[in-house]
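Q: Predicted coordinates and the sequence they were generated for:
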Amino acid sequence: MYSSNCPKPLLIFPILATLCLLSTTTSTAQASTQCSEQFELMITNGNGRNKPKCQKLTTLKAEFGWTILKNKSIDIFFGARLDNDEGWLAWGVNPGKRPQMVGTRAIIGIKNPNGSLMVNTYNITSGTKLGCQLLPSELHDDNDVLFSNRKIFINQTELVVISATVTLPSEYNITDLHHVWQVGAKVDGNEPKMHPTTLQNVDSTETINLNTGEGHSVGQHRRHLRTVHGILNIVGWGTLLPMGVIVARYFRKFPFKNTYWFLAHIYIQIIGYTLGTIGWAIGLVLGHSSRYYTFRIHRILAIFIFTFTSLQMLALRLKPETKDEYRKYWDMYHHFLGYSLLALISVNIFQGIAILKPDKTWKWVYIGVLGALASITLVFEICTWVKFLKQKKKDKDATKQQAGAPGGGGAPTGGGAPTGGGAPTGGGAPTGGGGAPTGGGGAPTGGGGAPDGGPPL
């Protein structure tokens with residue numbers, strides 16, 4: 001008899017997964033905001049003197065440097081990597097109540113397919129958002145932002161930097177400056193084409209205090225919610241639900257018989273379902289607040305997973321009785337739907353990671369979780385079949401011994417003749433199977449590879 005504590009070590013894996021993801025999130029949030037060495041070399045011309053304040057921005061792997069001058073003027077440096085043959089990068093300020101694209105006065109650097117570089121100023125209007133052409137517009141109004149000394153340069157690693165001296169009108173405050181940045185991959189002459197609509201692009205806004213370098217974004221709260229959404233779904237749907245299946249399959253009879261397997265299965269599934277449902281609900285909130293973008297495949301899969309996982313959970317109260325003639329068909333449906341959902345859950349988690357585009361550690365942590373669960377399943381499956389085949393051989397040997405012995409111990413039943421014409425009752429097999437696998441001829445129940453009706457398919 002296996003100890004009743006057997007399933008408990010499996011709980012280590014979701015705990016470890018949660019800790020790894022939380023540490024990844026924390027380390028990402030607390031990661032050094034110092035600019036890269038390459039960017040610093042480019043904005044200081046390699047001499048290191050008069051070094052501007054500098055920090056990495058929150059999205060698009062962009063970097064921003066600045067030096068505060070007199071009369072509300074600042075020298076700015078903005079850099080991002082353009083890996084394609086063409087592309088553009090932009091930085092600007094917005095006089096409105098919050099940082100946003102419409103109303104931004106921007107400087108945009110363009111890299112053409114022939115390798116030529118150009119930099120111009122642009123006024124982003126509501127028409128730009130509707131798809132109108134975005135063409136250079138010199139800003140000469142005394143009450144507007146003035147970009148002078150505009151420059152653009154590139155290094156061998158395709159890091160492109162634009163710089164300018166920016167003179168701000170009176171309504172701008174350098175301690176509460178709304179700035180916007182963006183990167184795109186397509187250009188047509190001096191016209192930057194529409195940028196991608198990933199979360200990284202949509203969240204490229206911030207309000208910054210240029211004196212201290214501290215910044216906050218209206219999208220910061222949403223980014224935290226996305227992180228919580230991802231962690232809950234990975235731990236709930238992606239880790240605990242598969243663990244519940246492992247417990248049900250391998251701790252019921254083969255290879256480890258455990259009296260409390262059903263309770264462990266139920267509690268693990270309930271906890272996983274609860275965490276996953278909370279993560280799903282947060283996803284609904286995020287989807288509702290996303291006015292400018294939607295992720296259709298991720299949303300459809302999430303709704304499908306929640307709906308049919310909820311249906312699976314109804315089995316706690318609505319499953320047929322063991323003696324019901326339809327129970328075996330219900331078992332087949334329950335197992336098939338369960339395994340299908342596990343596959344869809346993994347696909348959708350990878351979809352979510354691709355949408356967030358976080359540090360690659362997220363992806364590798366989840367791959368590690370899947371690898372650990374797959375390794376445990378493989379080891380248990382091998383143990384199951386080894387133990388099952390040994391038991392089958394043992395039962396077969398016992399049957400042969402019974403068949404070779406006269407009428408159960410030397411005295412023929414019923415006047416010297418073996419019962420049933422010399423053959424043991426049941427035609428050579430002990431009545432009821434006598435330890436042989438249910439389902440006839442030693443085949444697993446339902447023919448699906450599961451021994452003796454024990455481990456679920």
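A: Looks like it arrived, so ask away.
Q: which SSE is residue 230 in?
A: Taking DSSP states H and E as the definition, residue 230 sits inside helix 220-235.
Q: The next helix or strand after that helix: which residues count as buried?
A: Downstream of helix 220-235, the first helix or strand assigned by DSSP H and E is helix 241-250. Using 16 or more other C-beta atoms under 10 Å as the test for burial, helix 241-250 gives 241-250. Placement of C-beta: from N, CA and C, glycine included.
Q: Helix or strand next in line after helix 241-250, which one?
A: Trace forward from helix 241-250 with DSSP H and E and the next one is helix 261-289.
Q: now the helix or strand that that next one is followed by and helix 220-235, what's the angle there?
A: Downstream of helix 261-289, the first helix or strand assigned by DSSP H and E is helix 296-313. In terms of direction (axes from the mean of the first three to the mean of the last three C-alpha atoms, to 10 degrees), helix 296-313 departs from helix 220-235 by 50 degrees.
Q: re the thing from before, what is the helix holding residue 230 packed up against?
A: Packed against helix 220-235 by the contact rule (3 or more C-beta pairs under 8 Å, 6 or more residues apart in numbering; DSSP states H and E) you find helix 12-29, helix 261-289, helix 327-356, helix 360-404.
Q: So residue 176 sits against residue 212, correct?
A: No. Assessed by C-beta atoms under 8 Å, residue 176 is found out of contact with residue 212, at 11.2 Å.
Q: Present the buried residues of helix 241-250 as TSV; the columns should include pLDDT and distance to residue 311.
A: Below are the buried residues of helix 241-250 laid out as TSV (pLDDT from 0 to 100; distance: C-beta to C-beta, whole Å):
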residue	pLDDT	distance to residue 311
241	95	14
242	95	18
243	95	20
244	92	16
245	92	16
246	92	21
247	91	20
248	88	17
249	87	20
250	89	24
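Q: Make JSON lines out of those and add distance to residue 354.
A: Formatted as JSON lines, those follow (distance: C-beta to C-beta, whole Å):
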{"residue": "241", "distance to residue 354": "21"}
{"residue": "242", "distance to residue 354": "21"}
{"residue": "243", "distance to residue 354": "25"}
{"residue": "244", "distance to residue 354": "26"}
{"residue": "245", "distance to residue 354": "25"}
{"residue": "246", "distance to residue 354": "27"}
{"residue": "247", "distance to residue 354": "30"}
{"residue": "248", "distance to residue 354": "31"}
{"residue": "249", "distance to residue 354": "30"}
{"residue": "250", "distance to residue 354": "32"}
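Q: With respect to residue 41, which of the residues you listed is nearest?
A: Of all these, residue 242 has the smallest distance to residue 41: 48.2 Å, by C-beta to C-beta.
Q: which residues touch that closest one?
A: 342, 373 (C-beta atoms under 8 Å, 6 or more residues apart in numbering).
Q: hmm, try it at 10 Å
A: Counting by C-beta atoms under 10 Å, 6 or more residues apart in numbering, residue 242 makes contact with 10, 13-14, 268, 272, 338-339, 342, 345-346, 369-370, 373-374, 376-377.
Q: What distance do you get for it to residue 268?
A: Shown here: residue 242 relative to residue 268, a distance of 10 Å by C-beta to C-beta, to the nearest Å.
Q: Equivalent analysis for residue 369, please.
A: 15 Å.
Q: What of residue 231?
A: Taken as C-beta to C-beta, the span from residue 231 to residue 268 is 18 Å.
Q: Those two: who's more crowded?
A: Taking neighbours as other C-beta atoms under 10 Å, residue 231 and residue 268 compare with residue 268 leading, 24 against 20.
Q: So that one is in contact with residue 260, correct?
A: No. Using C-beta atoms under 10 Å, residue 268 is not in contact with residue 260, being 11.6 Å away.
Q: In TSV: the helices and strands packed on helix 220-235, plus mean pLDDT.
A: TSV is the format used below for the helices and strands packed on helix 220-235 (pLDDT from 0 to 100):
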stretch	mean pLDDT
helix 12-29	49
helix 261-289	93
helix 327-356	92
helix 360-404	88
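Q: Distance to residue 296 for those helices - can I get that in TSV?
A: Formatted as TSV, those follow (distance: least, C-beta to C-beta, whole Å):
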stretch	distance to residue 296
helix 12-29	26
helix 261-289	10
helix 327-356	11
helix 360-404	22
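Q: Which among those helices is found nearest to residue 155?
A: helix 360-404 (23.9 Å).
Q: Identify the residue spatially nearest to residue 95, adjacent ones excluded.
A: residue 171 (5.5 Å; C-beta to C-beta, 6 or more residues apart in numbering).
Q: Look at that neighbour and say how many residues are nearby.
A: When neighbours are defined as other C-beta under 10 Å, residue 171 has 8 of them.
Q: Retrieve the pLDDT associated with it.
A: Note on residue 171: pLDDT of 85.
Q: mind checking how far it is from residue 208?
A: Taking C-beta to C-beta, one finds residue 171 at 16 Å from residue 208.
Q: residue ranges with poor pLDDT in the chain?
A: 1-32, 46-49, 139-143, 218, 254, 291-292, 405-457 (pLDDT under 70).
Q: Mind splitting it into its structural domains?
A: Here the domain parsing of the chain from the TED database is 37-216, 221-389.
Q: Export those to a markdown table and append columns for distance to residue 403.
A: Listed next are the domains of the chain as a markdown table, based on distance: least, C-beta to C-beta, whole Å:
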| stretch | distance to residue 403 |
| --- | --- |
| domain 37-216 | 71 |
| domain 221-389 | 21 |
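Q: out of the ones you listed, nearest to residue 399?
A: domain 221-389 (15.4 Å).
Q: how far does the closest one stretch from start to finish?
A: End-to-end distance of domain 221-389 (C-alpha to C-alpha, to the nearest Å): 56 Å.
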